[in-house]
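Student: One predicted model, sequence on top.
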Amino acid sequence: MIEMPPGTATGAAPAVAAEPDRRRADGGRRLLNLVLRMVAPLGSILALWYLAIYFSGLPAFVIPRPERVLETLINDRSFITVHLLSTLQVATVGFILSNVVGIGLAVLFLAFPLGRQLLMPAAITLRNMPYVALVTVLVLAFGDSIGSKVTIVVLAGFFPVLVNTSRGLQAADPVVLDRMRVLNASWWETFTKVRLPYALPFIVSAQEITGSGSIIVAIAAEWMISSTGLGYIINRAMQQYRGDQVYAVAFLAAILSFAVYSLVHVIGERLNWQATQAERT
């Protein structure tokens, strides 16, 4: 009969038992970190809000108290929800088309460098045109339609996607590209297996800007031209001196934008394979 060395069984048991405890502790720390990330921005907003009320001395219809805004969100939830869905429709369609246009142009510029010289000045011009002038032209052409508002969102959102995607496609490792040339890989194989993976973190970074910005731009477009959406509620509330509704919409838009930004950020951390490899090494 083979005897186990002294302390072998008793020494292994605590190590095995400690592993679940360590995992629970790590999970608890991650959960606490997530809660702090969500609570800290909300706490800072409320603190600044109460300070503004205390020191400004402005009437309640200009700066209502947070509890009054929360009450408005609850009491007017049916009315706000209808217009919120309209805003989300404009923002979602505009966000998708911004990526289609931005990523499509970046790939076009990579495949045909001459296209960059021809189209990039036009893209920069459109990006820097005053939105008020663009809205005026769009209203004259299409009226108060979803197409007019989506166009504004696309014009505001495609440029960050274009610039970041172009930089990402050019950031591929030259050594890897040289190996693909040695292997006689086609342009499409090089693009899908090398350039696109390297560009992925850049594309996700652009989504943090475009995704959260699409909601704000959609509200701004509705505020200028629309009879539906959260922007319309702001216009209507201003005419009725309903500061509580204005702040309710603004608070809702801020929460939605922050939620979209956080979601994209978390997805980006999962997809950033370069950072994951660096942590492992």
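Tutor: Now that the structure is in, tell me what you want to look at.
Student: Would you map out the domains in this structure?
Tutor: 12-57, 66-280 (automatic domain parsing).
Student: pLDDT (mean, whole number) over the shortest one?
Tutor: Pointing back at domain 12-57 there. Mean pLDDT, domain 12-57: 71.
Student: Contact partners for the spatially closest residue to residue 267 that is not a sequence neighbour?
Tutor: Leaving aside its sequence neighbours, residue 267 sits nearest to residue 204 (Cβ to Cβ, 6 or more residues apart in numbering; 6.7 Å). Where C-beta positions appear, they are placed from N, C-alpha and C, glycine not excepted. The contact partners of residue 204, by Cβ atoms under 8 Å, 6 or more residues apart in numbering, come to 264, 267-268, 271-272.
Student: Repeat the analysis, applying 7 Å as the threshold.
Tutor: 264, 267-268, 271 (Cβ atoms under 7 Å, 6 or more residues apart in numbering).
Student: What remains of those if I keep only buried residues?
Tutor: 264, 268 (16 or more other Cβ atoms under 10 Å).
Student: Now the phi/psi pair for residue 60, please.
Tutor: Torsion angles at residue 60 (phi, psi; degrees, to the nearest 10) stand at phi -70, psi -30.
Student: now swap in residue 52 and tell me
Tutor: phi -60, psi -40.
Student: And the nearest residue to it once chain neighbours are set aside, how close does it get to residue 57?
Tutor: In space, and not counting its chain neighbours, residue 52 is closest to residue 63: 5.9 Å by Cβ to Cβ, 6+ apart. According to Cβ to Cβ, to the nearest Å, residue 63 and residue 57 sit 9 Å apart.
Student: any chance you could map the helices in the stretch 1-150 of the chain?
Tutor: According to DSSP state H, counting those that start in this stretch, the stretch 1-150 of the chain carries its helices in the segments 8-56, 66-75, 77-111, 113-128, 131-142, 146-170.
Student: same question, the stretch 151-281 of the chain
Tutor: Under the criterion DSSP H, counting those that start in this stretch, the stretch 151-281 of the chain contains helices at 174-182, 187-190, 196-225, 230-239, 243-271, 273-280.
Student: Indicate which one of the ones you listed is closest to residue 52.
Tutor: helix 243-271 (11.2 Å; Cβ to Cβ).
Student: what angle sits between the closest one and helix 196-225?
Tutor: Here helix 243-271 points in a direction 170 degrees away from that of helix 196-225 (axes from the mean of the first three to the mean of the last three Cα atoms, to 10 degrees).
Student: for helix 243-271, packing partners?
Tutor: The contact analysis (3 or more Cβ pairs under 7 Å, 6 or more residues apart in numbering; DSSP states H and E) places helix 243-271 against helix 66-75, helix 196-225, helix 230-239.
Student: ok and the longest one relative to helix 230-239, angle-wise?
Tutor: When the same axes, to 10 degrees is applied, the directions of helix 196-225 and helix 230-239 differ by 30 degrees.
Student: and helix 196-225, which residues are buried?
Tutor: So helix 196-225, judged by 16+ other Cβ under 10 Å, has buried residues 196, 198-225.
Student: on that earlier part again, please name whichever of the helices of the stretch 1-150 of the chain is nearest to residue 247.
Tutor: Of the helices of the stretch 1-150 of the chain, the one closest to residue 247 (Cβ to Cβ) turns out to be helix 66-75, at 4.7 Å.
Student: what angle separates that closest one from helix 230-239?
Tutor: Interaxial angle, helix 66-75 versus helix 230-239 (the same axes, to 10 degrees): 120 degrees.
Student: Show me what helix 66-75 is packed against.
Tutor: helix 243-271.
Student: And the helix it packs on, what's buried?
Tutor: Buried residues in helix 243-271 (16+ other Cβ under 10 Å): 243-249, 251-254, 256-258, 260-262, 264-265, 268.
Student: Likewise for stretch 136-147?
Tutor: Burial within stretch 136-147, assessed by neighbour count using 16+ other Cβ under 10 Å, is assigned to 138, 146.
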